[in-house]
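S.K.: can't give you the sequence, but here's the structure:
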């Protein structure tokens, strides 16, 4: 082999190697999504916004947007790739019920049991789901797509993934990213709406202390709650059944190891997998579309409508309650099921007007009701759209 032939051989192979690197395959879309992933990681680490969710999602976005040539079974949408197998749990709605099992094992329904009227406050906040559904229909989305988009207003990432996997699988990435993004931004989105809708007098309303709830009541609630909600909406059984099972494991007192596993190692593992794969599903070639942008806009709108619905319902409800039994409207925002973040927002905003008026425990009532409400709403949408 002559010297010129040798150099040609080397140059050809180096060129061939370079053509397979990500640098040769990056598009502007990939770079945009990588920047989005970096923003997610920054918000999680520097600002403390939902780090348990935003770190794996942000890193997943980076993984999903490292450009490559197809055919090597490495992309999340390539059959046979490891990421594709892990994404199976998202695509077929396996991960969300496991998350709900862990949520149930972590949730104390005492505030709701001691003050049952707070259930309707949680239900009122689901206005965001059906409001966004109606708006999405008006904007030209199909009924199934509109239903999947609307569930973002429930502020419940697992429920959003579960429903979109059934109704609009092609939109799972955009819907999940939107839902988790706005869950992380609850402390930013909700307070201005809460202040706008309430008066100074309403913000300092003091609520009666919650009564003590017995172990027996909690056990009965877990069993009766499952039977009642799933009898009304059988299509919500995967989520509601696992939620109440997790709660029964916690409250029964005889399955501590199972409850600890559900709320500890198991939910952490599933959170990593769901965050990573949802993030990786945002490949620029399939994610950056007009629909995705529309979903983000509708997601913000659904959160605003949900907060509006919860706060305004309390204000109207108070017209029928006697003095001393009135509800502080600031806990109306907690009807979205971002547990316990929206309840903390109620507490923070309330303390800014009265440093001795602690609303956290009261806000946990509509907050946990919102978890149930969003799952019921998902079941309703699935029953007539699925």
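M.R.: Great, that's in hand. Bear in mind the structure is a predicted one, so any value in this text is a computation, not a measurement. Numbering: from 1, shown residues only.

S.K.: could you pull out the helices for the stretch 51-200 of the chain?
M.R.: 51-64, 82-91, 95-106, 110-114, 118-124, 127-138, 143-150, 157-167, 172-184, 186-197, 200-203 (DSSP state H, counting those that start in this stretch).

S.K.: Which stretch among those is buried most, on average?
M.R.: Most buried of the helices of the stretch 51-200 of the chain, by mean neighbour count (mean count of other CB atoms under 10 Å): helix 157-167, with a mean of 28. All C-beta atoms are positioned from the backbone trio N, CA, C, and that covers glycine.

S.K.: neighbouring contacts of that one?
M.R.: For helix 157-167, the surrounding residues in contact (CB atoms under 8 Å, 6 or more residues apart in numbering) are 53, 90-93, 95-97, 99-100, 103, 144-145, 147-148, 151-152, 154, 171-172, 175-176, 178-180, 183, 238-239, 274, 278, 337, 374-375, 378, 381-382, 385-386.

S.K.: rewinding a little: may I see the helices of the stretch 51-200 of the chain organised as JSON lines, with distance to residue 313 added?
M.R.: Compiled in JSON lines, those are given as follows (distance: least, CB to CB, whole Å):
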{"stretch": "helix 51-64", "distance to residue 313": "28"}
{"stretch": "helix 82-91", "distance to residue 313": "33"}
{"stretch": "helix 95-106", "distance to residue 313": "24"}
{"stretch": "helix 110-114", "distance to residue 313": "16"}
{"stretch": "helix 118-124", "distance to residue 313": "3"}
{"stretch": "helix 127-138", "distance to residue 313": "8"}
{"stretch": "helix 143-150", "distance to residue 313": "18"}
{"stretch": "helix 157-167", "distance to residue 313": "21"}
{"stretch": "helix 172-184", "distance to residue 313": "20"}
{"stretch": "helix 186-197", "distance to residue 313": "11"}
{"stretch": "helix 200-203", "distance to residue 313": "13"}
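
S.K.: who wins for proximity to residue 306 among those helices?
M.R.: Of all the helices of the stretch 51-200 of the chain, it is helix 127-138 that lies closest to residue 306, at 2.7 Å by CB to CB.

S.K.: Next, the residues that contact that closest one from outside, please.
M.R.: 143, 145-147, 149-154, 298-299, 301-310, 336, 374, 377, 381.

S.K.: picking up where we left off before, and the helices of the stretch 51-200 of the chain: which comes nearest residue 72?
M.R.: Per CB to CB, nearest to residue 72 of the helices of the stretch 51-200 of the chain: helix 82-91, 11.7 Å.

S.K.: Average pLDDT for stretch 170-187, rounded please.
M.R.: Averaging pLDDT along stretch 170-187 gives 87.

S.K.: Centre of the chain to it, how far?
M.R.: Distance of stretch 170-187 from the chain centroid (CA atoms, centre = their mean, to the nearest Å) equals 6 Å.

S.K.: any idea how far residue 210 is from the residue lying closest to residue 217 once chain neighbours are set aside?
M.R.: Beyond its immediate neighbours in the sequence, the residue positioned closest to residue 217 (CB to CB, 6 or more residues apart in numbering) is residue 113, lying 5.6 Å away. Remark: distance between residue 113 and residue 210 (CB to CB, to the nearest Å) = 9 Å.

S.K.: and if you look at residue 69?
M.R.: From residue 69 to residue 210 the distance is 60 Å (CB to CB).

S.K.: more neighbours, those two?
M.R.: Set residue 69 next to residue 210 and count neighbours by other CB atoms under 10 Å: residue 210 wins out with 17 against 13.

S.K.: I'd guessed the more buried one sits against residue 362; true?
M.R.: Yes. Residue 210 lies in contact with residue 362 (CB atoms under 8 Å); the separation is 7.1 Å.

S.K.: Overlap of the contact sets of the two?
M.R.: Here residue 210 and residue 362 share the contacting residues 111, 115, scored by CB under 8 Å, 6+ apart.

S.K.: Scan the protein for its longest helix.
M.R.: What stands out as the longest helix in the chain, according to DSSP state H, is helix 290-318.

S.K.: and the angle from that helix to helix 127-138?
M.R.: Taking axes from the mean of the first three to the mean of the last three CA atoms, to 10 degrees, helix 290-318 and helix 127-138 form an angle of 140 degrees between their directions.

S.K.: So for the helix or strand that helix 290-318 is followed by, what gets flagged as buried?
M.R.: Next helix or strand after helix 290-318 toward the C-terminus (DSSP states H and E): helix 341-351. For helix 341-351, the neighbour count (16 or more other CB atoms under 10 Å) marks 341-347, 349-350 as buried.

S.K.: got the contact list for residue 66?
M.R.: By CB under 8 Å, 6+ apart, the residues touching residue 66 are 22, 30.

S.K.: For it, give me the pLDDT.
M.R.: At residue 66, the model reports a pLDDT of 93.

S.K.: I'd like the distance between it and residue 281.
M.R.: Going from residue 66 to residue 281 by CB to CB gives 14 Å.

S.K.: With residue 209 instead?
M.R.: Distance, residue 209 to residue 281, by CB to CB: 46 Å.
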